[in-house]
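Visitor: next one to model:
(one chain, ligands or ions: 2)
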Amino acid sequence: MIVESMPVGALQCNCVIVADEQTRQAIVIDPGDDVERIKALLDKHNLSVKTIVATHGHIDHVGGIARLKELTGAKAMLHEADVPMYENIAIQAQWLGVEPPPTTALDTYLTDAQSLEFGKQQIEVRHTPGHSPGSVSFVVPLVFAGDTLFAGSIGRTDLWGGSFDQLLRSIRDSLLVLPDASVVLPGHGPRTTIGLERQTNPFLVEK
Ligand SMILES: [Zn+2]
Ligand SMILES: [Zn+2]
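Guide: Ligands and ions are numbered 1, 2, ... in the order given. All right, here's what the predicted structure looks like:
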């Protein structure tokens with residue numbers, strides 16, 4: 001499996017490309033910005049994008065979906081609960097003081113326990129609300145946690161539809177159930193593992 005990640009945009013969201021080596025089919029996660037660089041990386045590996053997904057509807061994760069969809073013809077998906085956020089991207093842009101990026105029609109919605117195919121591989125969707133109502137994580141078994149879980153921290157819950165209790169429940173029920181050795185690539189910042197977060201993350205250690 002090919003896995004490439006690159007921080008994109010002003011907020012340095014970790015955009016990830018996962019692809020099947022045999023069929024060259026790819027899924028792009030969180031194309032928040034810098035679509036030309038994402039496209040260049042896809043071309044470098046000779047990949048065709050089957051599906052574009054986002055871990056949630058915040059502008060730094062979804063800002064480039066429309067342009068990438070236009071360039072690749074791929075399907076675009078988001079969890080339904082974050083669609084209002086996506087549709088109000090102009091308001092999010094205003095909060096950040098940036099120009100609103102173009103948006104596109106979403107093709108279908110991500111749902112909990114769904115599996116998305118790319119070539120002979122699959123990615124599993126886990127609904128992990130708390131940072132936002134429609135936040136999801138992806139497991140391949142590498143874990144793409146969006147802004148739900150970070151190395152040594154957890155996502156903020158003071159934004160639209162956030163809930164601290166729900167976030168902790170999501171992490172416990174959907175992520176900490178994974179094996180300790182599972183590598184986690186959060187939506188921002190460095191990689192970590194489920195085991196390390198279980199043992200050292202100040203929000204998660206049992207006292
Ligand atoms: Zn976010
Ligand atoms: Zn983010």
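
Visitor: buried stuff in the helix-or-strand element of the chain with minimal mean pLDDT?
Guide: For the chain, counting by mean pLDDT, DSSP states H and E, helix 89-96 ranks last in confidence among helices and strands (a mean of 95). Within helix 89-96, the residues scored as buried using 16 or more other CB atoms under 10 Å are 89, 92. Every residue, glycine included, has its C-beta placed from N, CA and C.

Visitor: cool, and stretch 138-157?
Guide: 138-140, 142-155, 157.

Visitor: and what of stretch 112-127?
Guide: Neighbour-count burial for stretch 112-127, with 16+ other CB under 10 Å as criterion, is recorded at 114, 116, 118-119, 121, 123-127.

Visitor: now that stretch: mean pLDDT?
Guide: Mean pLDDT, computed over stretch 112-127, is 97.

Visitor: picking that back up, which parts of the next helix or strand along the chain from the least confident helix or strand of the chain are buried?
Guide: Counting by DSSP states H and E, the next helix or strand C-terminal to helix 89-96 is strand 108-110. Of all the residues in strand 108-110, those buried under the rule 16+ other CB under 10 Å are residue 110.

Visitor: packing partners for strand 108-110?
Guide: Contacts defined by 3 or more CB pairs under 8 Å, 6 or more residues apart in numbering; DSSP states H and E place strand 108-110 against strand 75-79.

Visitor: centre of the chain to the strand it packs on, how far?
Guide: Distance, stretch centre to chain centre, for strand 75-79: 11 Å (CA atoms, centre = their mean, to the nearest Å).

Visitor: contacts for stretch 166-183?
Guide: 126-131, 135, 137, 139, 141-143, 145, 148-149, 154-155, 157, 184, 191-195, 197-198, 203-204 (CB atoms under 8 Å, 6 or more residues apart in numbering).
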